[in-house]
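J.: Got a sequence here, can you build the structure:
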Amino acid sequence: MTDGGTAAGVQGVSAPSEDAVRRLLAPYFPDAPEGPRLVPVGEGGEHSAWWVGEHHVLRSAPDTAATGRQRREIALRSAVAARLPVAVPRSAAAGEWAPGLGWTLDVRLPGVSAERAPVGADGERDLAGLLAGLRAFPVAEAAALGVPSAPARALPPLWRQVERAAGQVPVDPEALRRDAERTGAAGEREVPTVLLHADLKGEHLLTGRGRVTGVLDWTDAVLGDPAEDIAGLIQSVGAPAALRAAEQAGYGRALAARALHLVRCDTVVRLAERLRGEDDSPLPLLRAQRARAWEPTVFDGPSEG
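T.: Next up is the predicted model:
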């Protein structure tokens, strides 16, 4: 399959119709006169993603900004694919479904969401290889592909959010700050800059038989603080497993402590926002992520956790 052409769009429509998707795909499935089987991903009237047969998924961009991110994602995935021990999706075809609005037909990867199947020791090694591969990827090369930079987060604003969250979620903001000081998470240091996936939540990690079989959705990739990706793994696979993977990847104790502190604050804040009605994320998922973030680790004292 090669790059596709353009398809006429309808003004005011943010996703192609099923008929438009079939027209887009027709050149790539010549042996299927009726076209491949299409199943919308998600619910609602308009669908920006479709399962295409058994082996592909089509994703369309709703606007020019998303189109730019999608094109950057395709280029970045191609660049990192040979440097990571886990699979990333490959674009089998791409083009425009309307003037200036992109689409990509990606090859599906095997596995299920890490929310449904945990990783084992081999999976932890896969995650360590993922972190190490991203750490080793040349920052200049990523920047040349258009990957933006994101500054490392300061802790005081996050602590203020935790203080507000204490009204909805059981948490001791002062104890959390003391833990940051005790573990070194709050120490003054220069945070390194590396390539980040920046959205390593469970639905973007595919697993099978305890291994990591793929990493999806690279649209939010940035150059920034590696503690953010470690934090993402903590809420996805649990604190002990993620911290072991970070150690195997060569990250030191201070950065691991920072990642743990960030994710513990984040999961408390997001759960509180949901309970206040400021977020529509599934409540069971937010509770599960918070529980994983607060699993006992080497940074917790005998009476903590």
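J.: how about residue 276, what does it touch?
T.: residue 168 (Cβ atoms under 8 Å, 6 or more residues apart in numbering). Using the backbone N, CA and C atoms, a C-beta is placed for each residue, glycine as well.
J.: any chance you could map the helices in the stretch 1-150 of the chain?
T.: Per DSSP state H, counting those that start in this stretch, the stretch 1-150 of the chain carries helices over the ranges 18-25, 64-80, 121-136, 139-144.
J.: got the buried residues for whatever helix or strand comes next after the shortest one?
T.: From helix 139-144 onward toward the C-terminus, using DSSP states H and E, the following helix or strand is helix 155-165. Taking 16 or more other Cβ atoms under 10 Å as the neighbour-count basis, helix 155-165 is seen to contain the buried residues 155, 158, 159, 161, 162, 165.
J.: that older thread, pick the most buried one from the helices of the stretch 1-150 of the chain.
T.: Using mean count of other Cβ atoms under 10 Å, the stretch among those with the largest mean neighbour count is helix 121-136, at a mean of 20.
J.: Could you list every helix and strand that that helix packs against?
T.: On a contact count with 3 or more Cβ pairs under 8 Å, 6 or more residues apart in numbering; DSSP states H and E, helix 121-136 meets strand 194-196, strand 211-215, helix 227-237, helix 239-248.
J.: redo that, cut-off 10 Å
T.: Secondary-structure packing of helix 121-136 (3 or more Cβ pairs under 10 Å, 6 or more residues apart in numbering; DSSP states H and E): helix 64-80, strand 194-196, strand 205-208, strand 211-215, helix 227-237, helix 239-248.
J.: Pipe these into TSV and attach mean pLDDT and distance to residue 53 per row.
T.: What follows is the helices and strands packed on helix 121-136, written out as TSV (pLDDT from 0 to 100; distance: least, Cβ to Cβ, whole Å):
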stretch	mean pLDDT	distance to residue 53
helix 64-80	97	20
strand 194-196	98	32
strand 205-208	97	18
strand 211-215	97	18
helix 227-237	98	28
helix 239-248	98	34
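J.: As CSV, those with distance to residue 133 would be great.
T.: As requested, the helices and strands packed on helix 121-136 are exported to CSV (distance: least, Cβ to Cβ, whole Å):
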stretch, distance to residue 133
helix 64-80, 7
strand 194-196, 9
strand 205-208, 15
strand 211-215, 10
helix 227-237, 11
helix 239-248, 12
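J.: what's the burial count for residue 184?
T.: A count of neighbours around residue 184, defined by other Cβ atoms under 10 Å, yields 17.
J.: Just give me the closest of the buried residues of helix 155-165 to residue 199.
T.: Within the set of those, residue 158 lies nearest residue 199; the separation is 18.2 Å, counting by Cβ to Cβ.
J.: from the buried residues of helix 155-165, which is closest to residue 254?
T.: Closest approach between the buried residues of helix 155-165 and residue 254, by Cβ to Cβ: residue 155, at 13.2 Å.
J.: ok, for that closest one, nearest residue in space, not its chain neighbours?
T.: Of all residues not flanking residue 155 in the chain, residue 186 sits nearest, at 5.7 Å (Cβ to Cβ, 6 or more residues apart in numbering).
J.: quick one: contacts for the one you found?
T.: For residue 186, the contacting residues are 155, 156, 159, 177, 178, 179, 180, 254, 257, 258, 261, by Cβ atoms under 10 Å, 6 or more residues apart in numbering.
J.: Now name the helix or strand holding it.
T.: Using DSSP H and E, no helix or strand contains residue 186.
J.: Tabulate the buried residues of helix 155-165 (a markdown table), appending pLDDT.
T.: Shown next, in a markdown table, are those (pLDDT from 0 to 100):
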| residue | pLDDT |
| --- | --- |
| 155 | 96 |
| 158 | 97 |
| 159 | 97 |
| 161 | 98 |
| 162 | 98 |
| 165 | 98 |
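J.: The helices and strands packed on helix 121-136: which one's closest to residue 120?
T.: strand 211-215 (7.5 Å).
J.: could you check the angle helix 64-80 makes with that closest one?
T.: Counting by axes from the mean of the first three to the mean of the last three Cα atoms, to 10 degrees, strand 211-215 points 130 degrees away from the direction of helix 64-80.
J.: Show me what counts as buried in strand 211-215.
T.: So for strand 211-215, counting by 16+ other Cβ under 10 Å, buried means 211, 212, 213, 214, 215.
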